[in-house]
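**Student:** Mind folding the following:
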Amino acid sequence: MLPFYLLTFAGIVQANHPLLPGSCSFETNTCGYTSDADYTSWTLHEDGRFVAVDAPLDDPGVEIGTDAVVETEVTGVLLSPPLEQGEWSCLRLVYQITGSGSLEVLQRTEGRSFDRPLWSSQMPSDSWVISTMDLQNNTEPYRVVIEGKPRRSAGSSVAIFEIHISPGYCLECDFQESHLCGYSNQWNANVNWYVGGGSIQTLDNNVPNDHTYNKRTGHFMYVDSVYAKTFKEVAKLVSPMTTVPMSGCLSFQYQRSEERGNMFSVFARDSLGQYQELWRAGSENQSDWNQMLGEWIPVQVDLKAPYSTQVVFEVAFNSPRGGRIKLDDISFSPEFCSTDTEPTFDPSIANCDFESDFCLYNQDKTTELAWRRVSVKPNIFRNGDHTTGAGSFLLAHSQLSTRSSYVSRLIGPTLPGNLKYCLRFYFSLRGFNQTDQALAVYLQPKLNGSSSQEKIWTQGEKSRGMWMATDVTFQTSQPAKVVFVSTCSSFWDCGSVALDDISVSLGDCELTTVAGMLSSSLPGNCDFETGLCSYTQDKHNDDADWEWKRGPTPTSYTGPRADHTSGLGYYLHMEASSLLAGQTVRLLSRPLRGSRGPLCLRFFYHMYGSGTGQLSVHLDKDGKDVLLWQRSGEQSITWLRATVEYQCENQHQIAFKATRGSSVRSDIAIDDIILEGGPCPAMEVRAPVGTSNEIE
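**Tutor:** So this is what the prediction gives:
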């Protein structure tokens, strides 16, 4: 159990705004929160104050030298009562992780098999910590799910002290409550943000009224230059990190006691710590300055953040006489401040998998040989596309030219300027000696008569003849187009270039990587880049384990040469050389709740080699095994996509089973598993658009 002296903290004052159902201080009861009977129970402290899940002191949970499943943590699941909140709300959680462990908050909508992750942490602390998360408007009843997982070590525990759900957005704050809506001061030795107003006067005898209630006892935030020691000392007030994208109108009220001597700015800061200025206080007209002193000045500024973000209120002083800034009543609206504001640009217009056409990409008519969209029927001699293994992709330089050198250019749609983008695409090269000329990406400004362009990426690795992924972060000050350029410099240095699955998103590519990791954490999803995710080896119903592998398998003429995710990552495979014919390996998902609606399982599989055995997917429920999907024998030298739709109203597990074939050249591999609620998309039937074996 947590030491009591670590649990004492300043009580959170009663909200000035009404709390919503699902809020609880755990003073005398759990307010309808219950422990899931399938897991370790959360326990209400004997004097109230908190609920906790603790690691048992007499059970280390680790067995060495046996085939038993190694358990290193305890899991307790706390469920809220059913909640019905049609409008946006903000959940604030006061918690503590002692020793080692983790805490995760999810949202469970009734009738769906998957909980939506809202927030998680593994950081231990010696005192209480506040986290915030946005609950988007929901027309269906849902529950808040809190998973505490203390490690099986002495003193490890996870505790919840208070759950505070209020209407509105987490960015909003009037600073009347002691938790300050999760806003925090970034500490500076000389200048900092403080709480002003209230019953204890901390500024001077002329304490101004706050903006919220127009009273001296109301609260606001302020920063003062009186202790500034060096030039341009900075104080930062930082909002909690939003858990969802935010685009709309940010509003606040402020006062300045001096016209000069300070600089007041507002920034958006993403999860990588990169800043974007939203607003800066100007030099007010001198004739109006005396009238404006002591008056609250309203500000409205557009916020466009298609990813998680923080708002930073920053004040810089150049001397101890730099004056004072006061801040109050921060609010947010999903509607932009001005009707003239352009909506957030949707970069998905530049996405294309080339399955049915060129999307919004077009050819440069001045080039002799253009990119061609081709479709290859996968077999042991030909690589398929990256999207499904049996679809279409673009191919350049697949025919001999009458000229000794030529260039193929593919031009994308126009992207607005003053935005940061992440470009991701898959490529495959074969036959080039000078690979830096084989494929390059340029930015072409949209200027009349301008031929200038900037190279943002080029391929410098040796041709591998397999699909590889690349991410390119770029920013342009003016509208521009992305151009893919492939060059054949001579007859002796020209090969084939394949291109597929282009996607563009807003923000740094590292932001999209974080989003991808969150998606991989969903039950049933796994790209195997960092391990088995929530999957486990079946120790009781198989003969060996799936192996976590990177690069080619050890036996020639079987198995993949690389993973499907990036070409440089990991996948799972059955190594046939270590098994006897007919022996199996099984991989189990975590237990999944039942659903009244259909579920869609998608994954990629690789079955190449003489004597390849069998790969099947099973539904394991109530001790019964139901076959959902099966393939036998050699299928292709490339990764192929499988799509399986099923329905199960009871708790169940998904099992991937691979059976060794008649020879050692019968490796089987899987990668990029995605399990989603809802029916699978209808499979499109496409007419052949041409064939080529230039990839291979």
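
**Student:** who does the host helix or strand of residue 315 pair up with?
**Tutor:** Residue 315 is part of strand 309-317 when elements are defined by DSSP states H and E. As defined by DSSP bridges, the strand partners of strand 309-317 come to strand 233-238 (antiparallel), strand 262-270 (antiparallel).

**Student:** Now mean pLDDT and mean neighbour count too, for the ones you listed, in TSV please.
**Tutor:** Every C-beta, even on glycine, is put in place using the N, C-alpha and C of the backbone. As requested, the strands paired with strand 309-317 are exported to TSV (pLDDT from 0 to 100; neighbours: other Cβ atoms under 10 Å):
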stretch	mean pLDDT	mean neighbour count
strand 233-238	93	21
strand 262-270	93	20
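
**Student:** rewinding a little: what does the strand holding residue 315 contact?
**Tutor:** When contacts are taken as Cβ atoms under 8 Å, 6 or more residues apart in numbering, the neighbours of strand 309-317 outside the stretch itself are 171, 191, 193, 221, 223, 225, 228, 232-242, 246, 250, 252, 261-271, 275, 278, 303, 323, 325, 327, 330.

**Student:** Do me a favour and average the pLDDT over that strand.
**Tutor:** The pLDDT scores in strand 309-317 average 94.

**Student:** ok, back up a step: and the strands paired with strand 309-317 as CSV, adding distance to residue 500?
**Tutor:** Rendered in CSV, the data for the strands paired with strand 309-317 read as follows (distance: least, Cβ to Cβ, whole Å):
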stretch, distance to residue 500
strand 233-238, 41
strand 262-270, 29
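
**Student:** can you tell me which of those strands comes nearest to residue 365?
**Tutor:** Closest to residue 365 of the strands paired with strand 309-317 is strand 262-270 (Cβ to Cβ; 39.6 Å).

**Student:** all strands of the stretch 151-300 of the chain, in order?
**Tutor:** Here the stretch 151-300 of the chain has its strands, by DSSP state E, counting those that start in this stretch, at 157-167, 184-186, 193-197, 219-224, 233-238, 246-256, 262-270, 275-280, 297-305.

**Student:** Taking strand 233-238 as reference, get the angle to the third one.
**Tutor:** Pointing back at strand 193-197 there. Relative orientation of strand 193-197 and strand 233-238, computed by axes from the mean of the first three to the mean of the last three Cα atoms, to 10 degrees: 70 degrees.

**Student:** pLDDT (mean, whole number) over strand 193-197?
**Tutor:** Averaging pLDDT residue by residue across strand 193-197 gives 90.

**Student:** Now do it: which elements does it pack against?
**Tutor:** Contacting strand 193-197 under the criterion 3 or more Cβ pairs under 8 Å, 6 or more residues apart in numbering; DSSP states H and E are the following elements: strand 219-224, strand 233-238.

**Student:** Measure how the last one sits relative to strand 219-224, angle-wise.
**Tutor:** Orientation check (the same axes, to 10 degrees): strand 233-238 against strand 219-224 gives 160 degrees.

**Student:** For residue 119, what are phi and psi?
**Tutor:** Residue 119 adopts backbone torsions of phi -170, psi 150, taken as degrees, to the nearest 10.

**Student:** what about the stretch 51-200 of the chain, any weak spots by pLDDT?
**Tutor:** Counting by pLDDT under 70, the stretch 51-200 of the chain has low-confidence residues at 57-72, 199-200.

**Student:** Now do the same contact list for residue 418.
**Tutor:** Residues in contact with residue 418, defined by Cβ under 8 Å, 6+ apart, are 475-478.

**Student:** from those, which is closest to residue 599?
**Tutor:** In terms of Cβ to Cβ, no member of the contacts of residue 418 lies closer to residue 599 than residue 475, at 39.7 Å.

**Student:** what's around residue 84, how many residues?
**Tutor:** Other residues within reach of residue 84 by the criterion other Cβ atoms under 10 Å amount to 11.

**Student:** quick one: contacts for it?
**Tutor:** Residue 84 makes contact with 21, 141 under the criterion Cβ under 8 Å, 6+ apart.

**Student:** from what I can see residue 476 touches residue 445, true?
**Tutor:** Yes. Because the distance of 7.3 Å satisfies Cβ atoms under 8 Å, residue 476 is recorded as touching residue 445.

**Student:** how near is the residue lying closest to residue 184 once chain neighbours are set aside to residue 44?
**Tutor:** Distance criterion Cβ to Cβ, 6 or more residues apart in numbering; nearest residue to residue 184, sequence neighbours excluded, is residue 238 at 5.4 Å. Using Cβ to Cβ, to the nearest Å, one gets 34 Å for the distance from residue 238 to residue 44.

**Student:** Tell me where the stretch 401-550 of the chain has helices.
**Tutor:** 509-520 (DSSP state H, counting those that start in this stretch).

**Student:** quick one: low-confidence ranges for it?
**Tutor:** The stretch 401-550 of the chain contains residues with pLDDT under 70 at 401-405, 432-436, 448-451, 460-463, 490-493, 513-521.

**Student:** if you set the cut-off to 50 instead, what comes out?
**Tutor:** Residues of the stretch 401-550 of the chain that meet the criterion pLDDT under 50 are absent altogether.

**Student:** can you give me the strands for it?
**Tutor:** Counting by DSSP E, counting those that start in this stretch, the strands of the stretch 401-550 of the chain are 406-415, 419-430, 440-445, 454-458, 468-476, 480-488, 496-506, 536-537, 547-550.

**Student:** closest one to residue 19 among those?
**Tutor:** Taking Cβ to Cβ, strand 496-506 is the member of the strands of the stretch 401-550 of the chain nearest to residue 19, at 34.8 Å.

**Student:** Show me what counts as buried in that closest one.
**Tutor:** When neighbours are counted by 16 or more other Cβ atoms under 10 Å, the buried residues of strand 496-506 are found to be 496-506.

**Student:** Closest to residue 181 out of the residues you listed?
**Tutor:** Using Cβ to Cβ, the buried residues of strand 496-506 come closest to residue 181 at residue 506, 26.4 Å.

**Student:** residue contacts, the closest one?
**Tutor:** The neighbours of residue 506, taking Cβ under 8 Å, 6+ apart as the test, are 306-307, 344-345, 347, 419-422.

**Student:** What subset of those is buried?
**Tutor:** Buried by 16+ other Cβ under 10 Å: 306-307, 344, 347, 419-422, out of the contacts of residue 506.

**Student:** Among those, which pair sits farthest apart?
**Tutor:** Greatest spatial distance among the buried ones among the contacts of residue 506 (Cβ to Cβ): 344 and 422, at 15.1 Å.

**Student:** Of the contacts of residue 418, select the buried ones using a ChimeraX command.
**Tutor:** This is the ChimeraX syntax for the buried subset of the contacts of residue 418, where burial follows 16+ other Cβ under 10 Å:
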select :476
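
**Student:** Identify the farthest-apart pair in the contacts of residue 418.
**Tutor:** The most widely separated members of those are 475 and 478, with 10.8 Å between them, by Cβ to Cβ.

**Student:** I'd assumed residue 29 was in contact with residue 44.
**Tutor:** Yes. In terms of Cβ under 8 Å, residue 44 counts as a neighbour of residue 29; the distance is 7.3 Å.

**Student:** Now flag whichever of the contacts of residue 418 is closest to residue 544.
**Tutor:** Using Cβ to Cβ, residue 475 is the member of the contacts of residue 418 that lies nearest residue 544, at 49.4 Å.

**Student:** quick revisit: angle of the strand holding residue 315 against strand 297-305?
**Tutor:** Compare the direction of strand 309-317 with that of strand 297-305 by the same axes, to 10 degrees and you get 140 degrees.

**Student:** Start at 16, not 1
**Tutor:** Okay, using 16 as the starting number, the last item reads as strand 324-332.

**Student:** just how off-centre is strand 324-332 within its chain?
**Tutor:** Its chain's average C-alpha position is 25 Å from that of strand 324-332, according to Cα atoms, centre = their mean, to the nearest Å.
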